[in-house]
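Participant: After the sequence you'll find the predicted model.
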Amino acid sequence: MTEKIAVLGAGSWGSTLASVLIENGHDVTLYTNVEKQAAELNEKHTNEQYMPGFKYSEKLRATTDLAEAVADADEVLFVVPTSVTRVVAKQLKEVLAKLNRRPLVIHASKGLEIGTHKRISQILQEELTDRYCSGIVVLSGPSHAEEVARHDITLITAASADIKAAEKVQDMFTNDYLRIYTNDDIVGVETGAAFKNVIAIGAGILHGLGYGDDAKAALMTRGLAEVARLGMAFGASPLTFMGLSGVGDLIVTCTSVHSRNWRCGEQLGQGKPLDQVIEDMGMVIEGINTAKAAYDLSRDEHIEMPITKAIYNVLYNNADIKEEIGGLMTRDSKSEVIGKRK
Ligand SMILES: NC(=O)C1=CN([C@@H]2O[C@H](COP(=O)(O)OP(=O)(O)OC[C@H]3O[C@@H](n4cnc5c(N)ncnc54)[C@H](OP(=O)(O)O)[C@@H]3O)[C@@H](O)[C@H]2O)C=CC1
Ligand SMILES: O=C(CO)COP(=O)(O)O
């Protein structure tokens, strides 16, 4: 069945997901806040800043008018950076109130909000409420826009408390190169998605410093252990961390040259200042903000997250990277599973 979908955010992931939906026969309008980008997408069918060299279908329509984008949309897909999710949700709420519409809301972003430490579905629920949103589905997993755009094989998860809504999203996105699984553990899926970006900065740092594969495997494994510890404290299933949105996304983000988070870490490890890394990247590096939100959350909730803390210290307290690594290596000896040694 053809769905009418508004995609909010025309960066690398939003424009790629819009493209997948068009290939799957849906009717898509892509919302961007930049006039020049909308014109480029509509006239040249390109998005050179975010997806250089990629040609979009002529069926893809872009607009800077949010009301036009969502006017008759059955579903609204958020793919904006976490930091602007709340402001875009507020704008959407005003528009939906005038249109008297209540679409299914999907999001494909990965992060925690600074200050509130909230997950993206929590922000959307708070701002849109049941009045303007008929359900929330999270789309997450190991997926780089650059690979999905060239139809490489990708498997991701659609998570929702409402499994029928997750199945609807599964059907919308499934094709011969993109396979979707469902999961009802929205807490686990969003927590894994947000934290893997922080750990990926750490993996990039190790690479930039010249550490080997043992160190990277150690970071990923113990990083996943602390993410799962935090997620489970908020009700997530431990099994979710073994899935696509957990270990799957952690592997891809900690090992892929496409990852902005990994590349950020690599450059930090090579000695480039953070400000310069951010300026040169020109795309969102979600792990930077999430490292702060995650550190604050773990401190407030008294959950031990030493790797997250070390990465936070490097990013926010100008800590010496080698001293942070030394600190991690000289912590008290522990049992792998239960923590403290008896
Ligand atoms: N890229 C990928 O492969 C994947 C990304 N993700 C996640 O998707 C989310 C988006 O990432 P991605 O597309 O890569 O990011 P990009 O940096 O490529 O693009 C972000 C886009 O959001 C736009 N934007 C910023 N603020 C607003 C606003 N107020 N209103 C409307 N649009 C706005 C930006 O516009 P402007 O040009 O004006 O800044 C830009 O077009 C992130 O959470 C990321 O973790 C998830 C899976 C894969
Ligand atoms: O989420 C992603 C891969 O699954 C994209 O990661 P980056 O934001 O680090 O590029």
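Facilitator: Perfect, thanks for sending it. Because the structure is a prediction, the values reported are computed rather than measured. Ligands and ions are numbered 1, 2, ... in the order given.

Participant: in the protein, what spans have low per-residue confidence?
Facilitator: 338-342 (pLDDT under 70).

Participant: how is it carved up into domains?
Facilitator: Here the domain parsing of the chain from automatic domain parsing is 4-184, 194-340.

Participant: Let's have the ones you listed in CSV, adding distance to ligand 2.
Facilitator: Bear in mind the C-beta positions are built from the backbone N, C-alpha and C, glycine included. Putting those into CSV (distance: least, Cβ to the nearest ligand atom, whole Å) gives the following:
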stretch, distance to ligand 2
domain 4-184, 5
domain 194-340, 4
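
Participant: Nearest residue to the middle of the protein?
Facilitator: Centroid-nearest residue in the chain: K110, 2.0 Å away (criterion: Cα atoms, centre = their mean).

Participant: a helix runs through it, doesn't it?
Facilitator: No. K110 is assigned coil when assessed by DSSP: H, G, I helix; E, B strand; the rest coil, not a helix.

Participant: For it, give me the backbone phi and psi.
Facilitator: Backbone torsions of K110, given as degrees, to the nearest 10, read phi -140, psi 100.

Participant: cool, and G271?
Facilitator: Per-residue torsions, G271: phi 100, psi 10 (degrees, to the nearest 10).

Participant: Can you tell me how far it is from R150?
Facilitator: Distance of G271 to R150, given as Cβ to Cβ, to the nearest Å: 33 Å.

Participant: Which residue is the nearest non-sequential neighbour of T32?
Facilitator: A10 (3.7 Å; Cβ to Cβ, 6 or more residues apart in numbering).

Participant: Equivalent analysis for N42, please.
Facilitator: A62 (5.4 Å).

Participant: okay but the one you found is in contact with E35, surely?
Facilitator: No. Counting by Cβ atoms under 8 Å, A62 stays clear of E35, with 9.9 Å between them.

Participant: Quick check on these two: which one has the bigger neighbour count.
Facilitator: Between A62 and E35, A62 has the larger neighbour count (other Cβ atoms under 10 Å), namely 26 against 11.

Participant: Enumerate every residue touching the residue in the chain that ligand 1 sits nearest to.
Facilitator: Residue of the chain nearest ligand 1, by Cβ to the nearest ligand atom: G11 (1.7 Å). Residues in contact with G11 (Cβ atoms under 8 Å, 6 or more residues apart in numbering) are 50, 79-81, 283-284.
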